[in-house]
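Visitor: Just need the structure, nothing else, for what follows:
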Amino acid sequence: MGLRHVCKLTVFCAIVLAASAISAPKAASSYVVEGRVKVEGTTTKLPLSKTANIKVVLNGGEQLTFIRPDGYFAFQGVTAGTHLLEVVAMGYYFSPVRVDVSARLHGQVRAIAVETRRTLPDALVLEPLREEFYYERREPFSVVGLLKSPMGLMVGFMLVAVFLLPKLMDSIDPEEMKRVQEEMRNQPAPSFSNLLQGRST
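Guide: Okay, here's the model as predicted:
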């Protein structure tokens, strides 16, 4: 009787363990995504001031890491599927990168730059598309720009008045000039009351 009871208990435990193994979901495999950020064509180590300002973001902040002095970075525990990789670096603009991690190929990574649609090499080297300028560059000195400015136009008008007006005055007939001056003297100066009456009418 005791042996039969032990056999039943053993069979029951085996059935329970098998059922729990079947019903329990399989843990998703995770992989490592690693690459390198290359700035200004450097092949040696970057200075600490630059590495501290360069970070790599996975899936909009799901994971975040800073690059090492040699430019390399790595994300641990990345599941198979499509992910978005972004590089945040002060003074540079990097295209977001779509990263496909293949479970069938045991974590092999295929990366495509989103903006340029260019497939990146297997080494996953990320380079900036362009430099970013946060301040407006001062334009160099230009004579044409100075002449087009309001101050330049004012100075030009004053020079024209100084040099050309005397010549114009000399070309006018003296008798005609005297007659115009006498007419201006004979005309009564408009008063403030006359101006108000003119407006009221």
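Visitor: Can you give me the domain boundaries for the protein?
Guide: Following the TED database, the chain resolves into domains at 28-131, 143-188.
Visitor: right, so those: which one is the most enclosed?
Guide: Scoring these by mean neighbour count under mean count of other Cβ atoms under 10 Å gives domain 28-131 as the most buried, with a mean of 15. Heads up, the C-betas are built off the backbone N, CA and C, glycines and all.
Visitor: Tell me where the protein has helices.
Guide: With DSSP state H as the criterion, the chain has helices at 2-23, 48-51, 143-148, 150-171, 174-186, 192-200.
Visitor: sorry, back to before: please produce JSON lines containing the domains of the chain, extended by mean pLDDT.
Guide: Shown next, in JSON lines, are these (pLDDT from 0 to 100):
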{"stretch": "domain 28-131", "mean pLDDT": "84"}
{"stretch": "domain 143-188", "mean pLDDT": "73"}
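Visitor: was I right about Glu131 contacting Gly91?
Guide: Yes. Glu131 lies in contact with Gly91 (Cβ atoms under 8 Å); the separation is 6.1 Å.
Visitor: which residues are in contact with both of those two?
Guide: Among the neighbours of Glu131, none is also in contact with Gly91 (Cβ atoms under 8 Å, 6 or more residues apart in numbering).
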